[in-house]
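pasting the sequence and the predicted model now:
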Amino acid sequence: MRHNKKFNHLGRKSAHRNAMLANMACSLILNKRIVTTVAKAKALRIYVEPMITRSKDDSTVSRRTVFAMLQSKEAVTELFREISQKVAERPGGYTRIIKLGTRLGDSAEMCMMELVDYNEIYTGNDKKAAKTAKATRRRSTKKKAEATVEENTAE
């Protein structure tokens, strides 16, 4: 009987599955966004989110525990220095899964998994900054064009 066996085995033995999830977690932490299948993303979310929660408490014990799961010094450093500072007030839900459709070769459902606080599209401040930059650029182009016309008429 399979009582209380909820996690997805992903068609792999436990050592292969743990190594794959650790590599995917390192890629997600370092790149802030990865493209993978929906099943792997859901398994990775269960693997990564407790690590991010643990990174909020920067102690030797939590660093060693996370390093035992990731086996990458660069990823642990990135997690504890930058990511933990950004998610300090967030109570949970550090990742987002955006479905992309099916893969052409085997029709597997693909998705993009990303860290929530590192997406510039959904944050309002970056949109406003981009709009003002475009507006400024347009105005300066008009001014340059008018200045060029005035110089040509003056000569």
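Perfect, I can see it now.

please make it C-alpha for all contacts and neighbour counts, starting now.
Fine.

now do the buried residues in the helix or strand containing I98.
Here I98, judged by DSSP states H and E, is contained in strand 95-102. Going by neighbour count (16 or more other Cα atoms under 10 Å), the buried part of strand 95-102 is T95, R96, I97.

so A88 sits in a strand?
No - applying DSSP: H, G, I helix; E, B strand; the rest coil, one finds A88 to be coil, outside a strand.

I figured it was touching K56, is that so?
Yes - here A88 reaches K56: they are 6.3 Å apart, a contact under Cα atoms under 8 Å.

which one's more surrounded, the two?
The residue with more neighbours, out of A88 and K56, is K56; 19 against 14, by other Cα atoms under 10 Å.

distance of that one from S107?
Distance, K56 to S107, by Cα to Cα, to the nearest Å: 38 Å.

can you tell me the strand partners of the strand holding I98 and which way each runs?
Next to strand 95-102 in the sheet, as set by DSSP bridges, lie strand 109-115 (antiparallel).

give me the buried stretch members for the partner strand, please.
Buried residues in strand 109-115, counted by 16+ other Cα under 10 Å: M110, C111, M112, M113, E114, L115.

so what are the domain limits for this protein?
As given by automatic domain parsing, the domain ranges for the chain are 1-118, 120-155.

okay, those in JSON lines with mean pLDDT next?
Formatted as JSON lines, the domains of the chain follow (pLDDT from 0 to 100):
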{"stretch": "domain 1-118", "mean pLDDT": "95"}
{"stretch": "domain 120-155", "mean pLDDT": "57"}
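
among these, which is the most enclosed?
Here the criterion is mean neighbour count by mean count of other Cα atoms under 10 Å, and of these the winner is domain 1-118, at a mean of 16.

start to end distance for that domain?
Using Cα to Cα, the end-to-end distance of domain 1-118 comes out at 42 Å.

ok, stretch 4-14 next?
Distance between the boundary residues of stretch 4-14 (Cα to Cα) amounts to 17 Å.

again with stretch 50-65
Taking Cα to Cα, stretch 50-65 runs 11 Å from one end to the other.

can you give the contact residues for it?
For stretch 50-65, contacts defined as Cα atoms under 8 Å, 6 or more residues apart in numbering pick out V66, V76, L79, F80, I83, S84, Q85, V87, A88, G92, Y94.

now, among those, which is nearest to N8?
Among those, Y94 lies closest to N8 (Cα to Cα), at 20.3 Å.

residues touching that closest one, list them.
E49, I52, V87, L115, V116, D117.
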